[in-house]
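> coordinates for the following, if possible.
(chains A and B)
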Amino acid sequence: MNDRKYSGIPGLFRPLSLRLPVLVLIALCAAPDPARADNPLNLDGVWVTVLVAFDDPRWRIADLVCARTGCSVEGYDYLQTLLADPENAQRGTRELVAEMEDYQRRSNEQLLTQAGRQRQAEFDVTKESTLDCTPDGDDLRHQVTAPLPLEIEQHDDRVILRYEYWNAERVVHLNLESHPEGAEPTRLGHSIGHYEGRTLVVKTAHMIPAETGIPNGNPLMLSADAQAVERYTLAEDGESLELMLEIIDLAIFTKPFQSHRRMLRMSGWELDTFDCESLTGVY
Amino acid sequence: MSHMKLSRRRNDLPTQWVCLLFLILGFGAWAPLAAHHNPASHYDITADMVTVTGVITEFRLINPHARIYFDVTSEGGEVQNWFAEGNAAGVLKRRGWNNDMLKPGTVIKISGYPARDGSPALDWKLIELEDGTQLRGGNTVGAEKELLLDDIDKRRGLETPDEPVDDGSR
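You can find the predicted model right below:
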């Protein structure tokens, strides 16, 4: 076979002896990164909330409603059901939201233990005032449900959650099965994680006690033993991420306290610097 | 992303010094507090909203909450320095806000929740310019929620009681 007669023909169409190396090279390039080979979830990228991308058509109505006030998982699902019912098509959103909030309120009636109710009664919002601009992040619940974008970076042994809010960064250790004993508490705690199908599960402990709000209820302070479980589930189309956050605090809650957020993938977006200026002392 | 990392490194040193200073001064007990700035701690979000008209002296598109400083002149000619607090700069910028939107000298009518301590400060809900332009950009959940629900009705194809303000900042 004279190769010169194929000189004007693209390589792939040349004889097998010449095509083989090219095909092998293409196959190698197309193969998944060995580090990701056992991880079908691609969460890498920037994810945003309703509050910075309100007009995106990918939002559900329930996402828009729950963006500002937050909803429990039960409340979000209940509202979804109301909105899906054709009989509610002409009912105003206020009316539907009021019905959902009433449902949430009843669901939360049994949420608090006796000690939790006492803490809620004792909570003084005027004493909560504080602010600093350190990159340590906010308390976990505020941090993960904040309106500003989140960037996820997956590695073989860890996942980095990088937040525009407070320039905070968390490392989720995929290679640890438990939290280190006696670790110094921090605002965002210590996180370990694993994958369950299309879900990244993140468990966090060793958090500095923080205030938490409850939908339709007064805030209260969590205890030092509080733990959190975040479940980030990727939609089939890879375009949205559903977060279910559970706060487990046996001293305060009779069952895990849950919140819901949905985020959208935003190609081409980057985190901005969180230029922060402390207000402490102004008042 | 590199600019963000540089910024963090730049902040590391002052942060360490501040922590050290707290330890030296015995203020370690402050550490458990969160960075969160809850508007309800400064503003009475259950009170009736207050509306004042004034002239902007400074607008700061900053995190965690943007700020407007403005002067309000009483009928007797006395000038009082006011201050209003809104949403995070990170949110507002992505909704099209910039530092030139509210220039010094601009007259605004501004509504919001009053400060708990009676000082001339607001958690703003709505800003109206002299030409009738209305801006939102507020931070408080309750205030924004009503406007947001109007927008959602519109998206669902339902009529809303009033034409919603549409500066994009929810």
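
> I'd assumed residue B:121 was in contact with residue B:83.
Yes. Contact status for residue B:83 versus residue B:121: in contact at 4.6 Å, counting by CB atoms under 8 Å. No exception for glycine: its C-beta is placed from N, CA and C like everyone else's.

> okay, these two: which has more neighbours?
residue B:121 (23 against 19; other CB atoms under 10 Å in any protein chain shown).

> which intervals of the stretch 51-200 of chain A have sub-threshold pLDDT?
A:68-69, A:127-132, A:135 (pLDDT under 70).

> show me what residue of chain B gets nearest to chain A.
Closest residue of chain B to chain A, CB to the nearest CB: residue B:41 (3.7 Å).

> dihedrals phi and psi, that residue?
phi -70, psi -30 (degrees, to the nearest 10).

> tell me how many other residues crowd it.
18.

> surely it meets residue A:125?
Yes. Using CB under 8 Å, residue B:41 makes contact with residue A:125 at a distance of 5.2 Å.

> in chain B, which strand is the longest?
strand B:50-60 (DSSP state E).

> quick one: the helix or strand following that one to strand B:50-60, angle?
Downstream of strand B:50-60, the next assigned helix or strand under DSSP states H and E is strand B:67-73. Per axes from the mean of the first three to the mean of the last three CA atoms, to 10 degrees, the angle that strand B:67-73 makes with strand B:50-60 is 130 degrees.

> then strand B:67-73 to PDB, C-alphas only?
This file holds the C-alpha atoms of strand B:67-73, laid out as PDB (Å, rounded to 0.1, in the frame of the first residue of the first chain):
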ATOM      1  CA  ARG B  67     -26.000  51.400  52.200                       C
ATOM      2  CA  ILE B  68     -27.400  54.800  51.400                       C
ATOM      3  CA  TYR B  69     -26.500  57.800  53.400                       C
ATOM      4  CA  PHE B  70     -28.900  60.800  52.900                       C
ATOM      5  CA  ASP B  71     -29.900  64.000  54.500                       C
ATOM      6  CA  VAL B  72     -33.400  64.800  55.500                       C
ATOM      7  CA  THR B  73     -34.300  68.400  56.100                       C
END
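
> and the closest residue to residue B:73 other than its chain neighbours, how many neighbours?
Leaving aside its chain neighbours, residue B:73 sits nearest to residue B:79 (5.2 Å; criterion: CB to CB, 6 or more residues apart in numbering or on different chains). The tally of other residues near residue B:79 (other CB under 10 Å) stands at 11.

> residue A:79 should be in a strand, yeah?
No. Using DSSP: H, G, I helix; E, B strand; the rest coil, the assignment for residue A:79 is helix, not a strand.

> enumerate every residue touching it.
Applying CB atoms under 8 Å, 6 or more residues apart in numbering or on different chains to residue A:79 gives the contacts A:61-62, A:65-66, A:71, A:96-97, A:100.

> in its sheet, what does the longest strand of chain B sit against?
The pairing partners recorded for strand B:50-60 under DSSP bridges are strand B:67-73 (antiparallel), strand B:107-114 (antiparallel).

> low-confidence ranges in chain B?
Judged by pLDDT under 70, the stretches of chain B that qualify are B:1-38, B:140-145, B:160-170.

> that one: strands as residue ranges?
B:50-60, B:67-73, B:79-85, B:107-114, B:121-129, B:134-135.

> now do chain A
Under DSSP E, chain A gives strands at A:45-48, A:150-154, A:158-163, A:169-173, A:190-196, A:199-205, A:211-214, A:217-221, A:227-234, A:240-248, A:257-265.

> nearest to residue A:189, out of the contacts of residue A:79: which one, please.
Sorting the contacts of residue A:79 by distance to residue A:189 puts residue A:71 at the head of the list, at 23.6 Å, by CB to CB.

> which residues touch the residue nearest to the spatial centre of chain A?
Chain A has residue A:243 as the residue nearest its centroid, 4.6 Å off, counting by CA atoms, centre = their mean. Residue A:243 makes contacts with A:144-145, A:230-232, A:260-263, as judged by CB under 8 Å, 6+ apart.

> apply 10 Å and report the result again.
Shown in contact with residue A:243 (CB atoms under 10 Å, 6 or more residues apart in numbering or on different chains): A:47, A:49, A:73, A:144-145, A:150, A:200, A:202, A:230-233, A:259-263.

> format the contacts of residue A:79 as a markdown table; extra columns: distance to residue A:174 and neighbour count.
Shown next, in a markdown table, are the contacts of residue A:79 (distance: CB to CB, whole Å; neighbours: other CB atoms under 10 Å in any protein chain shown):
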| residue | distance to residue A:174 | neighbour count |
| --- | --- | --- |
| A:61 | 35 | 18 |
| A:62 | 31 | 25 |
| A:65 | 34 | 26 |
| A:66 | 29 | 23 |
| A:71 | 29 | 25 |
| A:96 | 40 | 22 |
| A:97 | 39 | 22 |
| A:100 | 36 | 27 |
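
> and the residues you listed as a markdown table, adding distance to residue B:152?
A markdown table is the format used below for the contacts of residue A:79 (distance: CB to CB, whole Å):
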| residue | distance to residue B:152 |
| --- | --- |
| A:61 | 6 |
| A:62 | 10 |
| A:65 | 6 |
| A:66 | 11 |
| A:71 | 14 |
| A:96 | 10 |
| A:97 | 9 |
| A:100 | 13 |
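
> and chain B, which of those reach it?
A:61-62, A:65, A:96-97 (CB under 10 Å from any CB of the partner chain).
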